[in-house]
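*Asks:* Quick one, what's the 3D model for this:
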Amino acid sequence: MNVKIAAAQYDISFLANWQEYQTKIECWVTQAVQQNAKILLFPEYASMELASLFGEEVYSSLSKQLVAMQTVHDGYIALFKSLAQQHQCIIQSGSFPVEIKPGVYRNRAYLFMPDGHFDYQDKLIMTRFENEHWFIQGGSELKCFDTDYGKIAINICYDSEFPLLARKQVEMGVNLILVPSCTDTVAGYHRVKIGCQARALENQCYVVQSPLVGNADWSEAVDVNVGAAGIYTPVDRGFPDNGILAMGDFNAVTWVISDINLDRIQTVRQQGQVFNYRDWPLQAAFT
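*Replies:* I've put the predicted structure just below:
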């Protein structure tokens with residue numbers, strides 16, 4: 001089964017109003033679907049540009065922006081839900097800090113389906129910044145999602161660096177892992193990239209990364225953002241020798257788009273030069 005997937009190298013804007021945000025998102029989605037993309041991936045914390053709607057007292061405060069963001073949450077959901085239905089595509093909209101009970105926030109990545117249904121994956125393992133400064137808490141459930149293209153999973157940024165999370169998801173039937181990311185150093189970007197490639201190698205699956213790019217000096221949360229989108233594959237017969245199907249130019253503002261063939265995942269797991277996916281349990285004898 002071939003499907004075209006698009007990973008955004010998405011830039012943070014300073015917004016004048018909600019309509020400007022809506023127009024920006026509509027333009028991004030339209031650009032991808034005009035190139036026949038059916039699965040669209042946006043970065044972690046791409047939603048934080050919405051904090052600019054609330055004035056300097058809010059966007060310069062880590063705590064106040066979280067409170068203010070809840071007032072646009074319903075509009076955010078409605079926008080992406082509508083676009084997924086309108087264009088008959090799957091959209092992973094990046095992540096949004098959601099208040100799940102008073103004063104408790106989770107970094108939540110929504111997945112919007114063409115039929116109007118949507119679900120989410122919460123980030124499970126938090127970075128030092130999220131834990132020590134922003135006080136966003138980790139989620140408690142690892143999910144996979146049934147789609148027209150098979151089972152899809154989400155590892156939000158830092159989660160991609162922990163192999164047992166992806167392993168559990170592929171054991172649940174996942175062939176494609178989406179990784180929305182937000183990193184403020186080149187080293188951070190490479191940690192996530194290396195994690196994505198390692199997960200693709202270990203599990204003989206596709207892993208797709210979408211980074212936030214560009215500077216937002218006004219933002220206390222996402223002031224510096226670096227990276228390049230990548231579509232990563234098994235490193236085996238029938239796939240690129242370096243495991244990189246497509247990659248964007250560093251820090252460019254663009255879509256990175258390529259066809260993936262999800263049927264080939266089962267083929268490589270059964271007929272590959274090596275059997276990383278099958279041989280995973282053999283490690284237990286040595287640990």
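*Asks:* ok, Lys81 to Lys24 distance?
*Replies:* In this view, Lys81 and Lys24 are 17 Å apart by Cβ to Cβ, to the nearest Å. Quick note: C-beta positions are derived from backbone N, CA and C, even for glycine.
*Asks:* Could you check which of the two has the larger neighbour count?
*Replies:* Shown here are Lys81 and Lys24; by other Cβ atoms under 10 Å, Lys81 has more neighbours (18 against 15).
*Asks:* Can you classify Lys143 by secondary structure?
*Replies:* Following DSSP: H, G, I helix; E, B strand; the rest coil, Lys143 is assigned to coil.
*Asks:* Hmm, Thr185 is touching Val226, no?
*Replies:* Yes. At 6.9 Å, Thr185 counts as touching Val226 under the criterion of Cβ atoms under 8 Å.
*Asks:* ok, these two, which is more surrounded?
*Replies:* Neighbours were tallied for Thr185 and for Val226 using other Cβ under 10 Å; the higher tally belongs to Val226 (20 against 11).
*Asks:* separation between the more buried one and Glu56?
*Replies:* 25 Å.
*Asks:* got the contact list for the residue lying closest to Lys24 once chain neighbours are set aside?
*Replies:* Leaving aside its chain neighbours, Lys24 sits nearest to Ser13 (6.4 Å; criterion: Cβ to Cβ, 6 or more residues apart in numbering). Contact analysis of Ser13 by Cβ atoms under 8 Å, 6 or more residues apart in numbering lists Glu20, Tyr21, Lys24, Glu49, Ser52.
*Asks:* Quick one, grab the pLDDT at the first one.
*Replies:* Going back to what we said before, that points to Glu20. Looking at Glu20, its pLDDT stands at 98.
*Asks:* would you say it is within a helix?
*Replies:* Yes. Counting by three-state DSSP, Glu20 falls inside a helix.
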